[in-house]
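J.: Attaching a predicted model along with its sequence, questions to come.
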Amino acid sequence: MSAGAEFEGNYGMWVIRGYDNVVRAVKDTATYSSRDTWPGARPLCPAAGAVAVDAQPIPATLLSSDPPRQSQYRRIVQRAFSSSRVAGMRPHIEDIVDSLLAAVRPQDEIEFVASFASPLPIRVIAEMLGVPDDLYDRFKQWGDHLALSLSADITDEEQVLTTRTLIDFQQYFMAAIAERRRQPTDDFLSDLSRGPGVDGPEFTVPELLSFCQQLVVAGQETTTSLLGGMAVILAERPDLQRELRDHPNLHSDFIEESLRYWTPVQGRYRVTTAPVIVGDAELPAGVKVQLHFGDANHDADVYDEPEQFRLGRTASQRHIAFGLGPHFCLGAPLARLEAEVALQALLAATSDIALGTSPPRRRKHFHLRGFDSVHLALQWR
């Protein structure tokens, strides 16, 4: 097993490693609080702080609160992610995938992230929030910049940029929320804007903005990272391509092993409420910690040869790429559906997938694991 915990001086936090250690910490919400868990090691710089005066303060909701309040938020928001609603999105997702593949089909080499892995979840999440087609570019910029704001090593210039983006994002959705309350539609935002009804008081606008912000980042960036990781795995393993084309029943295994192996969200953040011992390390109360999902999913005590991508791992079902417990990702069924539809369509449309002339370029991010670009050479059917 990996070391229990180690202090990461560059980011001013403890990193908890090892499957059992991480799972234990995720479940112990009393000792590991989700409140005040901003991953950055420093406050906003003066220039960004001056811009931020125009931003709405964001309250603690799904990701940054603890039970029992977090459980109430989760129960209400989960209705919008019901199994029937997600299943009903399949035809629309299939149409998006078909249109994206049709747009690149004449090309022998494509940049997969920009042409497919990024637009797919953007269009799905935008549709859920009722954002019109002509705002997709702006929507993508929101997702990119809001995800960047989560990085622990963000520069002063990037802080100003992401703060301005946050304000633009909030202004758009404040107007959208007001419109949904006047005239509801059948989208996710309308469901939330109607209020929780018997479960509690109507959500405030800042609470709704928090939900929207989390959905844009979690639903866009993480699925893009998963799709990019899957593409690279396929391109590097022709044997896997053949096996998956011959045995479609293995598609689900491939996706789950991709989630374990790749783990798009490398961890979640907590604050200790009391002194705690993790392995040989003694963590005091009041320190920030990262629960390292990526390390847990590569723990040799749980996964034989964890650095090998292998179909058929029974332990793959134990991965925690979507978290665990009260903060398990509500969008996990949607991410799996998008990955399934994309994988089926990509394998059906091609006879071979290989890496292109430029090597994949990894993104620099403490929190999210993904690619800025993946060039693929494709042989179309």
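T.: Received the coordinates, thanks.
J.: At which residues are the strands of the chain located?
T.: 5-8, 13-16, 32-33, 109-111, 267-272, 276-278, 281-283, 288-292, 350-355, 361-362, 371-373, 375-380 (DSSP state E).
J.: In a markdown table, list those along with mean pLDDT and mean neighbour count.
T.: All C-beta atoms are positioned from the backbone trio N, CA, C, and that covers glycine. Shown next, in a markdown table, are the strands of the chain (pLDDT from 0 to 100; neighbours: other CB atoms under 10 Å):
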| stretch | mean pLDDT | mean neighbour count |
| --- | --- | --- |
| strand 5-8 | 92 | 17 |
| strand 13-16 | 93 | 23 |
| strand 32-33 | 95 | 21 |
| strand 109-111 | 98 | 18 |
| strand 267-272 | 92 | 22 |
| strand 276-278 | 96 | 17 |
| strand 281-283 | 95 | 16 |
| strand 288-292 | 93 | 24 |
| strand 350-355 | 97 | 17 |
| strand 361-362 | 94 | 13 |
| strand 371-373 | 94 | 16 |
| strand 375-380 | 97 | 17 |
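J.: Ok, which of those strands comes nearest Val97?
T.: Proximity to Val97 (CB to CB) singles out strand 350-355 among these, at 13.1 Å.
J.: tell me what that closest one is packed against?
T.: Contacts defined by 3 or more CB pairs under 8 Å, 6 or more residues apart in numbering; DSSP states H and E place strand 350-355 against helix 222-236, helix 238-246, strand 375-380.
J.: Let me know which of those is the nearest to Phe328.
T.: Of all the helices and strands packed on strand 350-355, helix 222-236 sits nearest to Phe328, with 13.5 Å by CB to CB.
J.: Using JSON lines, lay out the strands of the chain together with distance to Arg182.
T.: JSON lines is the format used below for the strands of the chain (distance: least, CB to CB, whole Å):
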{"stretch": "strand 5-8", "distance to Arg182": "48"}
{"stretch": "strand 13-16", "distance to Arg182": "44"}
{"stretch": "strand 32-33", "distance to Arg182": "38"}
{"stretch": "strand 109-111", "distance to Arg182": "42"}
{"stretch": "strand 267-272", "distance to Arg182": "36"}
{"stretch": "strand 276-278", "distance to Arg182": "49"}
{"stretch": "strand 281-283", "distance to Arg182": "49"}
{"stretch": "strand 288-292", "distance to Arg182": "41"}
{"stretch": "strand 350-355", "distance to Arg182": "47"}
{"stretch": "strand 361-362", "distance to Arg182": "45"}
{"stretch": "strand 371-373", "distance to Arg182": "40"}
{"stretch": "strand 375-380", "distance to Arg182": "46"}
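J.: Of all those, which one comes closest to Thr224?
T.: Thr224 lies closest, by CB to CB, to one member of the strands of the chain: strand 371-373, at 8.7 Å.
J.: picking up where we left off before, same list, the helices and strands packed on strand 350-355, but as JSON lines with distance to Tyr303 please.
T.: Listed next are those as JSON lines, based on distance: least, CB to CB, whole Å:
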{"stretch": "helix 222-236", "distance to Tyr303": "16"}
{"stretch": "helix 238-246", "distance to Tyr303": "18"}
{"stretch": "strand 375-380", "distance to Tyr303": "28"}
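J.: Packed most tightly, which of the ones you listed would that be?
T.: Of these, the one with the most neighbours on average (mean count of other CB atoms under 10 Å) is helix 222-236, at a mean of 24.
J.: Hmm, Glu257 is touching Arg310, no?
T.: Yes - with contact defined as CB atoms under 8 Å, Glu257 and Arg310 form a contacting pair (6.7 Å).
J.: of these two, who's got more company?
T.: The residue with more neighbours, out of Glu257 and Arg310, is Glu257; 25 against 15, by other CB atoms under 10 Å.
J.: Flag the shaky bits of the stretch 201-350 of the chain, pLDDT-wise.
T.: Where the stretch 201-350 of the chain drops to pLDDT under 70, the residues are 201, 315-317.
J.: Hmm, Gln220 is touching Ile122, no?
T.: Yes - using CB under 8 Å, Gln220 is in contact with Ile122, at 5.5 Å.
J.: Between the two, which contacts overlap?
T.: 140, 143 (CB atoms under 8 Å, 6 or more residues apart in numbering).
J.: and the residue nearest the centre of the chain, how far is that from Gly286?
T.: Using CA atoms, centre = their mean, the residue of the chain that lies closest to the mean C-alpha position is Thr222, 3.0 Å off. Between Thr222 and Gly286 the distance, using CB to CB, to the nearest Å, works out to 29 Å.
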